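Colleague: here you go, sequence then predicted model.
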Amino acid sequence: MTLGAEVGVTQIQGATAINQDTNTSLVGSARLLDIAAVYEYLYEKFRFFGAIQYSLGMSLADFPTDQTYTVSDIGGLWLKGGAGYSLALNDVVSLVGKGFIGYAFNRNYIGFTTFGLSAYLEFKG
């Protein structure tokens, strides 16, 4: 078992229903800077993890111009979970691949559920 920190950047696309009666929605994309505390359970080369993450909104694009959303509207806390596999390249470096699903608990009514894949090099020492 390990406890660690991760820093990353996420690009997300999404839609939020604005008015159920008229079937309109807000569609857009955003970029986030992610800082997460990650708890991993290691079983041989497999890893299972859960994380609590704070995402800071860095950019918005493609949202209707008549809306007053700001970058901070998409920042907030996320819960994530998933599984991965690590391949040792040598005694110090491993290549890690992970799949995850996450849910945002934001301060306002804009929320995202996300899923994705990540790959990175892990250095031991």
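Modeller: Nice, I can see it.
Colleague: give me the low-pLDDT residue ranges for the protein?
Modeller: Flagging of the chain using pLDDT under 70 yields the residue ranges 14-28, 60-74, 106-112.
Colleague: which ones are touching Gly8?
Modeller: 33-34, 36, 118 (Cβ atoms under 8 Å, 6 or more residues apart in numbering). Where C-beta positions appear, they are placed from N, C-alpha and C, glycine not excepted.
Colleague: where's it relative to Ser118, distance?
Modeller: Using Cβ to Cβ, to the nearest Å, we find Gly8 at a distance of 7 Å from Ser118.
Colleague: and for Tyr41?
Modeller: Taken as Cβ to Cβ, the span from Tyr41 to Ser118 is 18 Å.
Colleague: could you list the buried residues of stretch 34-50?
Modeller: Neighbour-count burial for stretch 34-50 flags 34, 36, 38, 40, 47, 49 (criterion: 16 or more other Cβ atoms under 10 Å).
Colleague: which of these sit farthest apart?
Modeller: Greatest spacing in the buried residues of stretch 34-50, by Cβ to Cβ: Asp34 and Arg47 (18.2 Å).
Colleague: for Leu87, pull up the helix or strand it's in.
Modeller: strand 76-88 (DSSP states H and E).
Colleague: ok, then the element right after that strand?
Modeller: strand 93-106.
Colleague: what packs against that following strand?
Modeller: In terms of contacts (3 or more Cβ pairs under 8 Å, 6 or more residues apart in numbering; DSSP states H and E), strand 93-106 is packed against strand 46-61, strand 76-88, strand 113-123.
Colleague: about what we covered before: filter the contacts of Gly8 down to the ones in strands?
Modeller: Using DSSP state E, 33-34, 36, 118 are the members of these that sit in strands.
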